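A.B. asks: here is my input, please return the structure:
(chains A and B)
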Amino acid sequence: EPEVTQTPSHQVTQMGQEVILRCVPISNHLYFYWYRQILGQKVEFLVSFYNNEISEKSEIFDDQFSVERPDGSNFTLKIRSTKLEDSAMYFCASRLDSTDTQYFGPGTRLTVL
Amino acid sequence: KNQVEQSPQSLIILEGKNCTLQCNYTVSPFSNLRWYKQDTGRGPVSLTIMTFSENTKSNGRYTATLDADTKQSSLHITASQLSDSASYICVVSRETGANNLFFGTGTRLTVIP
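C.D. replies: Next up is the predicted model:
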């Protein structure tokens, strides 16, 4: 069964450094999402992406964040200058169309020191 | 304000016993409600999806109910197994908007032998 994959599974970085989290959505899906989950808290929406552009973003998704779909298969989340409070699990999700279930990847645990 | 509340926050049950998890929501306009299972350190996996017109839906040992009038849902797990230990997240979709998922904080279920 097709699934969403994410790399790396765990990323440790120093505060102020740039990180890129990578996701490979399910191949025929058209809608892509990034979520984060701070330890012990609920999953929070960051950004949605459709037709090669951001369709919606939350207030968390400030100028330090950017997304890209560089080659038609990967979907990346970049954090330009990480802060301690960026430490969280980051989940990528994709779905076929606007009525479909979102399928989540296994997540990347980001630890900012 | 669009919110999803779940109870209890955590639950410990003996293997083989049944349990019921609750979800109340204020998301409007309502499209559908999903229950996800999230194993520790993994992405959420969809268990059931319920639309406005559905009252009950089963998926193996999982049975979800929905009362769209009172905006309440429950997830009943029958004959629990050790592998049921996970967080169960209620996720409500709104009809409009690309970011149309609202997550509850989840119920942490622990099944002990």
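A.B. asks: quick one, strands of chain A?
C.D. replies: A:5-7, A:10-13, A:19-24, A:31-37, A:44-50, A:53-57, A:65-68, A:75-79, A:88-95, A:103-104, A:108-112 (DSSP state E).
A.B. asks: do chain B as well
C.D. replies: Under the criterion DSSP E, chain B carries strands at the ranges B:4-7, B:10-14, B:19-25, B:30-38, B:45-51, B:56-59, B:62-67, B:72-77, B:86-94, B:101-103, B:107-112.
A.B. asks: who does the fifth one pair up with?
C.D. replies: Strands that pair with strand B:45-51, judged by DSSP bridges, come out as strand B:30-38 (antiparallel).
A.B. asks: what does the partner strand contact?
C.D. replies: Contact partners of strand B:30-38, identified using CB atoms under 8 Å, 6 or more residues apart in numbering or on different chains, comprise A:101, A:104, B:23, B:25, B:44-52, B:62, B:64, B:66, B:68, B:71, B:73, B:75, B:86-95, B:100, B:106. Just so you know, the C-beta spots here come from the backbone N, C-alpha and C atoms, and that holds for glycine as well.
A.B. asks: of those, just the buried ones, ChimeraX syntax please.
C.D. replies: For the buried members of the contacts of strand B:30-38, the matching ChimeraX selection, counting by 16 or more other CB atoms under 10 Å in any protein chain shown, is:
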select /A:101,104 /B:23,25,44,46,47,48,49,50,62,64,66,68,71,73,75,86,87,88,89,90,91,92,93,94,100,106
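A.B. asks: mind listing what residue 19 touches?
C.D. replies: Because you didn't say which chain, this covers chain A. For A:Val19, the contact set (CB under 8 Å, 6+ apart) comprises A:Gln11, A:Thr13, A:Lys78, A:Ile79, A:Thr82, A:Leu110.
A.B. asks: actually chain B
C.D. replies: B:Leu11, B:Ile13, B:His76, B:Ile77, B:Ser80, B:Leu109.
A.B. asks: how about a cut-off of 6 Å?
C.D. replies: Residues in contact with B:Cys19 (CB atoms under 6 Å, 6 or more residues apart in numbering or on different chains) are B:Ile13, B:Ile77.
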